[in-house]
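1. Mind folding the following:
(one chain, ligands or ions: 1)
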Amino acid sequence: ASSLVRRRFITGVSVPKGPKGYPFIGNIFQIPCKDPFKTYSEWSRIYGPMVYMHVFGQEFVVLNSLESVIDLFEKRSSIYSTRPRLRSKVMAGELVERAQNSVIFMKYGPRWKACRKIMHGWMNHRVISQYNFLVERNAGHFLWKLLHCPGIFSHHIKVNAGSLILKLVYGIEPLPHGDPWIGMSEKLSKITGTVSEPTRWLVNSFPFLRYMPMWMPVVEMMDKGTAEPSWTLEFLQQDARTPKTLEEIATHQSAAGTLYAGGMVAYIRTFFLVMVLNPDVQKKAQAEIDAVVGSMRLPNMSDKPHLPYINCLIKEVFRINAIVPLLPHSLEQDDVYKGHHIPKGAWVIANMWAIFNDPSIYPEPERFNPQRFEARPGHPPEMDPSRYAFGIGMGRRFCPGYHLAMAFIFVNVTQILSTFSTSPELDKDGNEIIPPLKFDFGHLTSKPSDFNCIIKPRTPESSHLIDSLVEIDSEGFY
Ligand code: HEM
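-> The predicted structure follows:
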């Protein structure tokens with residue numbers, strides 16, 4: 001508290017308002033474990049769009065309005081682009097190590113810049129458009145699995161996203177079941193998510209794997225002459241005579257290690273859920289694909305400009321589930337915004353959930369309505385949430401996987417709509433079991449709670465098309 005008083009004296013203004021906490025422990029008991037972003041949003045109605053809280057001396061400022069998020073993360077991105085400092089004393093060693101090695105948690109500085117440069121080289125718009133064929137082929141495999149084993153669709157979604165990343169980064173084709181690389185990436189992503197949850201600091205043991213040297217299998221395959229083209233191979237072969245410095249390898253490894261597909265999995269699961277809940281939307285989207293693409297081929301990236309309703313649908317899925325509902329940034333110097341002191345070292349958290357559910361931006365926010373993004377007389381399109389689901393504007397921490405994720409989403413959503421109908425499960429009396437529109441927040445992302453549904457090919461021709469496009473060397477593809 002004394003440092004607070006001192007800083008208040010320096011800036012002459014006070015921190016934003018917030019719920020009154022206890023001495024030392026602060027607001028720890030007021031921050032709920034479940035859906036904290038909803039509580040922050042309620043608090044903003046009492047205390048204003050910026051809400052201040054503190055826990056064990058760590059200060060937090062939650063930004064609940066789009067205006068404040070743009071003003072700070074975008075317009076002042078030179079100050080607000082670092083990540084919160086993680087409290088090493090109360091965290092297990094592995095978590096700290098993960099934090100140091102992960103681009104997501106790196107402090108703004110030279111090492112972070114080096115990683116971002118590598119990632120930009122892999123995932124800029126031009127490079128990603130050259131990989132469209134791989135995204136499309138990968139989606140074809142996914143359809144084939146949905147056709148032949150629809151009961152475990154959630155599992156297929158996970159493998160689908162994970163296998164694309166593994167192929168791009170390491171040239172590895174994952175095993176159909178229980179692939180160790182996919183399992184390991186999942187563990188890494190859980191560690192990453194755990195590090196970021198403010199109320200989790202107190203947990204002091206995590207039974208996770210240690211961070212593994214992920215370039216090793218590529219070196220082995222290179223030696224055997226079996227390495228497939230991949231970003232890692234490209235890196236290792238660049239000037240192969242000069243041994244890589246540890247720093248270079250570590251930088252590449254941390255860039256690669258962060259590439260996990262959690263956001264894409266959450267998106268596709270959300271898409272299936274809203275299709276179950278909104279049959280009219282599904283029919284309308286299918287009618288658009290039938291009219292533009294026909295049923296003789298699968299949609300691909302070149303169809304994107306000709307499918308306006310699908311493009312609106314994709315935006316609405318981003319809005320209805322804020323995949324990364326809380327975005328934690330931090331600042332390394334004191335700042336003053338709208339008459340309030342934003343203290344150096346505070347976690348400044350953008351509440352994206354609050355923004356995507358703000359009725360002044362999205363009227364009737366609880367309604368799933370792709371048409372809100374259409375321009376009609378007297379109705380300008382509502383703000384595109386996919387612009388903000390990956391970070392703010394072109395702010396420095398904006399998700400480097402944006403182009404890859406958008407290509408993946410477009411191809412998968414259109415190919416699923418073109419070939420399958422998704423509907424609610426039936427109980428033994430033939431009544432529909434309607435799943436709730438409910439999401440679980442954990443490990444940084446928000447995903448639909450488990451639900452079942454029926455996924456059926458739309459026509460016999462759809463099944464033939466999928467089978468004919470996927471050449472399977474029958475060895476248990478799923
Ligand atoms: C639908 C899918 C995805 C969503 C919604 C998503 C969202 C985000 C968000 C919100 C951030 C934080 C931005 C900020 O702090 O301002 C982020 C960062 C990041 N994302 Fe994604 N992402 C997705 C897919 C991907 C993919 C496919 C990759 C890589 C292949 C990726 C790699 C990263 C990395 C490395 C960072 C950290 C950047 C940094 O801190 O400098 N993301 N993502």
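2. The host helix or strand of K167 packs against which elements?
-> Using DSSP states H and E, K167 sits in helix 153-170. Contacts defined by 3 or more C-beta pairs under 8 Å, 6 or more residues apart in numbering; DSSP states H and E place helix 153-170 against helix 132-148, helix 180-195, helix 231-237, helix 262-277, helix 402-419. C-betas here are computed from N, CA, C, even on glycine.
3. and those, which one is worst for confidence?
-> Among the helices and strands packed on helix 153-170, helix 180-195 has the lowest mean pLDDT, at a mean of 54.
4. low pLDDT regions in the protein?
-> 1-11, 86-102, 174-218, 239-260, 394-395, 443, 471-478 (pLDDT under 70).
5. tell me which parts of it are close to the ligand?
-> 103-104, 116, 165, 258-259, 261, 263-264, 267, 323-324, 327, 389-392, 395, 397-401, 404-405 (C-beta under 6 Å from any ligand atom).
6. What sits closest to the most centrally placed residue in the chain if chain neighbours are left out?
-> The centre of the chain sits closest to G263, judged by C-alpha atoms, centre = their mean, with a distance of 2.8 Å. The spatially closest residue to G263, leaving aside those adjacent along the chain, is I323, at 5.2 Å (C-beta to C-beta, 6 or more residues apart in numbering).
7. helix, strand or coil for the one you found?
-> coil (DSSP: H, G, I helix; E, B strand; the rest coil).
8. Who are the contact partners of it?
-> Going by C-beta atoms under 8 Å, 6 or more residues apart in numbering, I323 touches 263, 266-267, 270, 389, 445-447.
9. separation between it and G294?
-> 32 Å (C-beta to C-beta, to the nearest Å).
10. Then G401?
-> In terms of C-beta to C-beta, G401 sits 31 Å off from G294.
11. Which residues belonging to the helix holding K167 are considered buried?
-> 153-154, 156-170 (16 or more other C-beta atoms under 10 Å).
12. To K17, which of the helices and strands packed on helix 153-170 lies closest?
-> Smallest distance to K17 across the helices and strands packed on helix 153-170 (C-beta to C-beta): 28.6 Å, for helix 180-195.
13. so who does the closest residue to the ligand within the stretch 351-478 of the chain touch?
-> Distances between the stretch 351-478 of the chain and the ligand by C-beta to the nearest ligand atom are smallest at G401, namely 2.2 Å. With contacts defined as C-beta under 8 Å, 6+ apart, the neighbours of G401 are 119, 123, 259, 263, 390.
14. Got the phi and psi for the last one?
-> Spelled out, it's F390. phi -110, psi 10 (degrees, to the nearest 10).
15. Helix, strand or coil: sort out the closest residue in space to it that isn't next to it in sequence for me.
-> Distances taken as C-beta to C-beta, 6+ apart place C399 nearest to F390, at 3.7 Å, with adjacent residues excluded. When classified by three-state DSSP, C399 comes out as coil.
16. Would you pull up the residue in the stretch 151-300 of the chain closest to the ligand?
-> Counting by C-beta to the nearest ligand atom, the stretch 151-300 of the chain gets nearest the ligand through G263, at 2.5 Å.
17. residues in contact with the one helix or strand L313 maps to?
-> In the assignment (DSSP H and E), L313 maps to helix 308-320. Contact partners of helix 308-320, identified using C-beta under 8 Å, 6+ apart, comprise 267, 270-271, 274, 281, 284-285, 288-289, 304, 356, 362, 365, 368-374, 384-386, 389, 409-410, 413-414, 417, 437.
18. So which of those are in helices?
-> Using DSSP state H, the members of the contacts of helix 308-320 that fall within helices are 267, 270-271, 274, 281, 284-285, 288-289, 356, 409-410, 413-414, 417.
19. Restricted to buried residues, select those residues in ChimeraX.
-> Command for ChimeraX, covering only those of those found buried under the criterion 16+ other C-beta under 10 Å:
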select :267,270,271,274,281,285,288,289,356,409,410,413,414,417
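20. ok, which pair from the ones in helices among the contacts of helix 308-320 is furthest apart?
-> The widest separation within the ones in helices among the contacts of helix 308-320 (C-beta to C-beta) is 26.1 Å, between I289 and F356.
21. Can you give the distance from stretch 46-59 to the centre of its chain?
-> Relative to its parent chain, stretch 46-59 has a centroid offset of 25 Å by C-alpha atoms, centre = their mean, to the nearest Å.
22. Quick check: Q415 touching R137?
-> No: counting by C-beta atoms under 8 Å, Q415 stays clear of R137, with 11.1 Å between them.
23. Now do the shared contacts for the two.
-> Counting by C-beta under 8 Å, 6+ apart, nothing touches both Q415 and R137.
24. out of the two, which sits in the busier spot?
-> Comparing Q415 with R137 by other C-beta atoms under 10 Å, the one with more neighbours is Q415, at 23 against 15.
25. Now do the contacts for the more buried one.
-> 136, 139-140, 143, 298-299.
26. one more time with 7 Å, if that's ok
-> Contact partners of Q415, counting by C-beta atoms under 7 Å, 6 or more residues apart in numbering, are 139, 143, 298-299.
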